[in-house]
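Participant: could you work out the structure for the sequence below:
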Amino acid sequence: MRGHTRIAKAREQRVLLLLAAVSLLTACEQNTFVQPPPPVVDVAPPLQKTITRYLDATGNTAPIKSVDLVARVQGVLQAINYKDGSFVKEGTTLFTIEPETYKLKLDQAQAAEVGAQASLKQSEAEFKRQQELVAKQFATQSYFEQATSARDNAQASLQQAQANTKIAAVNYGYTNVVAPFDGIVTAHLVSVGELVGVASPTQLATIVQLDPIYVNFNVGEQDVLRIRAEAMMKGLTSADLLNIPVEVGLQTETGFPHRGKLDYAAPTVNQSTGTLAVRGVLPNANRALLPGYFVRVRVPVEESVKALLVPDVALGSDQGGQYVLVVNSDNVVEQRKVEIGPVEGSLRVIEKGLGPEDRVVIAGVLRAIPGQKVNPKIQTIEQPRASAN
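Facilitator: Numbering: from 1, shown residues only. A predicted model of the protein is given here:
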């Protein structure tokens, strides 16, 4: 019995040792590190495309003409001859101010002018008669001098009467306040029956011309220097610069649907802001632009420029500026500092930092860690869709 027991114990110990060895081997196999495969990222060479470089700015619209309509004569406002906010043509009567009184004054001045003409005619006849009598020695010199004086006084009286007639005519014309140009008239500021023009000219309303319309914006000094240098290289004059197109878009619009041209640039740079005041003029027949709008402005400064573009989402930024991730020939990720330009659709122009042969990470950016290998999948950057203009 004891021999069988010892044999059983020995077998049990061997089984336990075998199980322990198997467990140890299994544990060793489970803790073995297996290098994961490099992450897959999409890469593509920058898109090469001919673009137009624009100068972007923010501006505001302003009317070409805006005039306060005032009462230039004293009287009671008798009529308002337009509807508030309506469009009127040049010469349209907008307000009528007590014309009867000024018509009577004009008639009175015209009658006085006729009387002065009659007096002058009589004085001239007497002058000629005295002149003949003196020549024949039938009259004394004193009578001739009196006739001369009377004629001169009559001429002066006629000139005074003619001036009074003109003044009366002008005042009579002021009783009808007319539109000085085509435009929109604001709401009237006085009512029929009010006495206007008593102490000083009374503002009645304002008329604003909306077509065409100005857009004012500022250009930075560095941009001014660059544009002037390029203009000198191309042999452009100041007159040529004023014919450069201007494109404008509202804050709620896509693209730049409104187009005009430059018509003014300030002769000096503002020292406090370091900017140059510039103005464009745009047709506005449909009155889509109203004075006072803040608008996006762009001015083409260089056309047919070859550029490199990458998806805007491929760009990153840190304290050092903008960068993209590129994959080198060893499939190792590198961080490349770049200088960016304008947006073309969903793509961004890269001014400096990239070459046409570089492979830029365009998808899987979070998996691309600088200094580590990746599995690059070559893709192609699609042409940007044409923006709305």
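Participant: what's the following helix or strand after the longest strand seen in the chain?
Facilitator: Longest strand in the chain, counting residues (DSSP state E): strand 47-71. For strand 47-71, the succeeding helix or strand toward the C-terminus, using DSSP states H and E, is strand 75-80.
Participant: skip ahead from that following strand and say which helix or strand is next.
Facilitator: strand 87-88.
Participant: partners of the helix or strand that comes right after that following strand in the sheet?
Facilitator: Sequence-wise, the next helix or strand downstream of strand 87-88 (DSSP H and E) is strand 93-97. Note on strand 93-97: by DSSP bridges, its sheet partners are strand 75-80 (antiparallel), strand 176-178 (antiparallel).
Participant: list the buried residues of the helix or strand following strand 93-97.
Facilitator: Remark: after strand 93-97, the chain's next helix or strand is helix 99-135, criterion DSSP H and E. Across helix 99-135, burial judged by 16 or more other CB atoms under 10 Å covers 99, 101-102, 105-106, 109-110, 112-113, 116, 119-120, 123, 126-127, 130, 134. Where C-beta positions appear, they are placed from N, C-alpha and C, glycine not excepted.
Participant: going along the chain, name the strands of the stretch 151-300 of the chain.
Facilitator: Counting by DSSP state E, counting those that start in this stretch, the stretch 151-300 of the chain has strands at residues 176-178, 183-185, 195-196, 202-220, 245-250, 258-265, 275-282, 294-311.
Participant: run the chain-centre distance for the first one.
Facilitator: In other words, strand 176-178. Distance of strand 176-178 from its chain centroid, counting by CA atoms, centre = their mean, to the nearest Å, is 33 Å.
Participant: same check, this time on the fifth one
Facilitator: Relative to the chain's own centre, strand 245-250 is displaced by 7 Å; criterion: CA atoms, centre = their mean.
Participant: kindly report the same for the second one.
Facilitator: On the basis of CA atoms, centre = their mean, the separation between the geometric centre of strand 183-185 and that of its chain is 21 Å.
Participant: for it, give the mean pLDDT please.
Facilitator: For strand 183-185, the mean pLDDT works out to 95.
Participant: and if you look at the third one?
Facilitator: Along strand 195-196, the predicted local confidence has a mean pLDDT of 94.
Participant: contact partners for A285?
Facilitator: Applying CB atoms under 8 Å, 6 or more residues apart in numbering to A285 gives the contacts D211.
Participant: give me phi/psi at it?
Facilitator: Here is the backbone geometry of A285 (degrees, to the nearest 10): phi -60, psi -40.
Participant: how confident is the prediction for it, by pLDDT?
Facilitator: So A285 comes in at 91 (pLDDT).
Participant: cool, and N31?
Facilitator: Looking at N31, its pLDDT is 55.
Participant: re the thing from before, closest to Q141 out of the strands paired with strand 93-97?
Facilitator: strand 75-80 (53.3 Å; CB to CB).
Participant: got the angle for the closest one vs strand 47-71?
Facilitator: 130 degrees (axes from the mean of the first three to the mean of the last three CA atoms, to 10 degrees).
Participant: mind exporting strand 75-80 as CSV, just the C-alpha atoms?
Facilitator: Presented in CSV, the C-alpha positions along strand 75-80 are these (Å, rounded to 0.1, in the frame of the first residue of the first chain):
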residue,chain,number,x,y,z
GLY,A,75,-43.5,130.8,-45.6
VAL,A,76,-46.1,128.2,-44.8
LEU,A,77,-45.6,124.7,-46.3
GLN,A,78,-48.6,124.2,-48.6
ALA,A,79,-48.0,120.8,-50.2
ILE,A,80,-45.8,117.7,-50.0
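Participant: out of the strands paired with strand 93-97, which one sits most buried?
Facilitator: strand 176-178 (a mean of 18; mean count of other CB atoms under 10 Å).
Participant: hmm, who's touching it?
Facilitator: Contact with strand 176-178 is made by 69-71, 91-97, 99, 204, as judged by CB under 8 Å, 6+ apart.
Participant: want to throw the residues you listed into TSV with pLDDT and distance to Y143?
Facilitator: Listed next are those as TSV, based on pLDDT from 0 to 100; distance: CB to CB, whole Å:
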residue	pLDDT	distance to Y143
L69	96	58
V70	96	55
A71	95	53
G91	94	55
T92	95	59
T93	96	55
L94	97	59
F95	97	57
T96	96	54
I97	95	52
P99	94	48
L204	96	58
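Participant: are any of these buried, and if so which?
Facilitator: 69-71, 92, 94-97, 99, 204.
Participant: what about V361, how many neighbours?
Facilitator: 25 (other CB atoms under 10 Å).
Participant: assign it to helix, strand or coil.
Facilitator: strand (DSSP: H, G, I helix; E, B strand; the rest coil).
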